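S.K.: here you go, sequence then predicted model.
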Protein chains: 2
Amino acid sequence: MQFQFLGTGNAAQVPCYGCRCPACERAMNVTTFRRGPCSAKIQVGEKNILIDAGHTNLTERFPVGTINTILLTHYHMDHVQGLFPLRWGKATPIPVIGPDDKEGCDDLFKHPGMLHFLPAPECFKPLYLLGIEITPVPLNHSKPTVGYFFNDGESSLAYLTDTLGLPEKTMDFLQQQRPDIVIIDCSSPPKPNPRNHNTLNEALDIIEHLAPQKGYLTHISHELDAFLLSANYPLPDNVIVAADNEKIDTTENMT
Amino acid sequence: MQFQFLGTGNAAQVPCYGCRCPACERAMNVTTFRRGPCSAKIQVGEKNILIDAGHTNLTERFPVGTINTILLTHYHMDHVQGLFPLRWGKATPIPVIGPDDKEGCDDLFKHPGMLHFLPAPECFKPLYLLGIEITPVPLNHSKPTVGYFFNDGESSLAYLTDTLGLPEKTMDFLQQQRPDIVIIDCSSPPKPNPRNHNTLNEALDIIEHLAPQKGYLTHISHELDAFLLSANYPLPDNVIVAADNEKIDTTENMT
């Protein structure tokens, strides 16, 4: 499986409108430092599994027939806003899998259009798409939220956002599975009493506990980018600050 | 005042994802035929009054300080989706004026960020922005919705979407005001039992009743574009099918 980050920013994105901090200035001047809505894709041949749908130009990015399924972590707007224009398309329905959240977002469930919202899968029970075993795992957030553990038999990857820490059961499950790659919500610099999202402290702690070959930080705020710029903060060797459009060839990570 | 359409499409936009109708094929090949989310701006010097916020790249289109106020017609997603990324900006709060709708859209009222939602103004009672008299008028839609009548002392313009027909009081008010320009919801070709939006029949009827110098059709579906293409439907001389980015110099319309 080929994994690619489509967006690595938090809801404010980078640059944040009107902000003149060094991270936002840098992102205004150099587009590769910009961060769009936190989302990703896993590609198998010409088919894609999207993880979240925060980009609002999915209809331009993905020709008809190339989206196999959309996996949602949760129904906050920055993770689902791309579904609103997409739903009115004229094409084969796209299955959407997400957490058990009766509210969803705005009128998505009332007017799904070409989106086919499937019943929420049970956590820790694998489902299979394009030959990949995908296991939803519960996360700690302000709305029902799941992460996903992907295993294609050659390599494995855990995508864990949005979350503050991990529920004990999720940590136990992932410690058993030993993912090669861990992608984790890391929204802000260290700060006291974080809410709903990891700071750098929690993110590094989770990566240390799961001991993957590589840990990627995502859902990044301009404050975290500015902190990393100014502090020249030493990250562990296996930790990478993800970038928009960055690809991970998971087969490279096999031992 | 200088008026410009920012978008003239309905929620599906044109081209509609996956559609191969002549209107969508044309829009895929020639970008000037594309239609984005129905919205507009009125510019006075370097300041802008936005009418609706369906474009999701407002932060790129409008440098900080150039949005004076956002006028909302209603809180359907295709008219407000651009507010979600905008709200997390770091800049002087932007006043937002809209209809009396306690629900709003998703969590906009709960987490307004840099948006300053003002109490809904009374219909038929003018407010003043950038030297323009602006009068909200009620419309007929599936959510509380208002149109706006603009008068800068030299010329006048009524922006009326989304609506099916016009409430009697709104028609009476506008017939008294005699707007130079009428911009009207015209979502579909003629069809029986329309709901929530004008078809071409209602739109032309309203323009005939208000007798402006120019009537512009907006909130256009790919079905209407395809109908107009195939039928070579004769429109009255004063009726124009609006295009994205089209400008109206209202002073040209003075008698």
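M.R.: Alright, I've got the coordinates. Residues are numbered from 1 along each chain as shown, chains lettered A, B, ... in the order given.
S.K.: near chain B, which residues of the stretch 101-250 of chain A?
M.R.: Selection of the stretch 101-250 of chain A residues close to chain B by CB under 8 Å from any CB of the partner chain yields A:Cys105, A:Asp106, A:Asp107, A:Met114. Placement of C-beta: from N, CA and C, glycine included.
S.K.: cutoff 7 Å now
M.R.: A:Cys105, A:Asp106 (CB under 7 Å from any CB of the partner chain).
S.K.: which of the three states applies to the residue of the stretch 101-250 of chain A at minimum distance from chain B?
M.R.: Here the stretch 101-250 of chain A gets closest to chain B at one residue, A:Asp106, 4.9 Å apart by CB to the nearest CB. Classification of A:Asp106 using DSSP: H, G, I helix; E, B strand; the rest coil returns coil.
S.K.: can you pull the contacts of the closest residue to it other than its chain neighbours?
M.R.: Closest residue in space to A:Asp106, ignoring its immediate chain neighbours: B:Asp106 at 4.9 Å, by CB to CB, 6 or more residues apart in numbering or on different chains. Counting by CB atoms under 7 Å, 6 or more residues apart in numbering or on different chains, B:Asp106 touches A:Met77, A:Cys105, A:Asp106.
S.K.: quick check, nearest of those residues to A:Ser142?
M.R.: Nearest to A:Ser142 among the contacts of B:Asp106 is A:Met77, at 12.6 Å by CB to CB.
S.K.: in stretch A:104-112, what's buried?
M.R.: Using 16 or more other CB atoms under 10 Å in any protein chain shown as the test for burial, stretch A:104-112 gives A:Gly104, A:Cys105, A:Asp106, A:Leu108, A:Pro112.
S.K.: dump those to a markdown table, plus pLDDT and distance to B:Asp244.
M.R.: Below are the buried residues of stretch A:104-112 laid out as a markdown table (pLDDT from 0 to 100; distance: CB to CB, whole Å):
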| residue | pLDDT | distance to B:Asp244 |
| --- | --- | --- |
| A:Gly104 | 97 | 30 |
| A:Cys105 | 97 | 27 |
| A:Asp106 | 96 | 24 |
| A:Leu108 | 97 | 26 |
| A:Pro112 | 98 | 27 |
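S.K.: closest to B:Thr92 out of these?
M.R.: Closest approach to B:Thr92 among the buried residues of stretch A:104-112 (CB to CB): A:Asp106, at 27.7 Å.
S.K.: does A:Ile220 touch A:Gly9 like I think?
M.R.: Yes: between A:Ile220 and A:Gly9 there is a contact under CB atoms under 7 Å: 6.1 Å.
S.K.: between those two, which contacts overlap?
M.R.: A:Arg35.
S.K.: where does pLDDT dip in chain A?
M.R.: Along chain A, segments meeting pLDDT under 70 span A:252-255.
S.K.: report the secondary structure state of the nearest residue to A:Arg61 once chain neighbours are set aside.
M.R.: Excluding its sequence neighbours, the residue lying closest to A:Arg61 (CB to CB, 6+ apart) is A:His55, at 6.7 Å. Under the three-state scheme (three-state DSSP), A:His55 adopts coil.
S.K.: with A:Ser142 instead?
M.R.: coil.
S.K.: report the separation between the nearest residue to it once chain neighbours are set aside and A:Thr145.
M.R.: For A:Ser142, ignoring the flanking residues on the chain, the nearest one in space by CB to CB, 6+ apart is A:Asn196 at 4.7 Å. Using CB to CB, to the nearest Å, A:Asn196 is found at 9 Å from A:Thr145.
S.K.: so these two - more neighbours on which side?
M.R.: The residue with more neighbours, out of A:Asn196 and A:Thr145, is A:Thr145; 25 against 15, by other CB atoms under 10 Å in any protein chain shown.
S.K.: thinking again about what came up before, between A:Asn196 and A:Thr145, what contacts are shared?
M.R.: In contact with both A:Asn196 and A:Thr145: A:Asp162, using CB under 7 Å, 6+ apart.
S.K.: from chain B, how far off is A:Gln2?
M.R.: From A:Gln2 across to chain B, the span is 24 Å (CB to the nearest CB, to the nearest Å).
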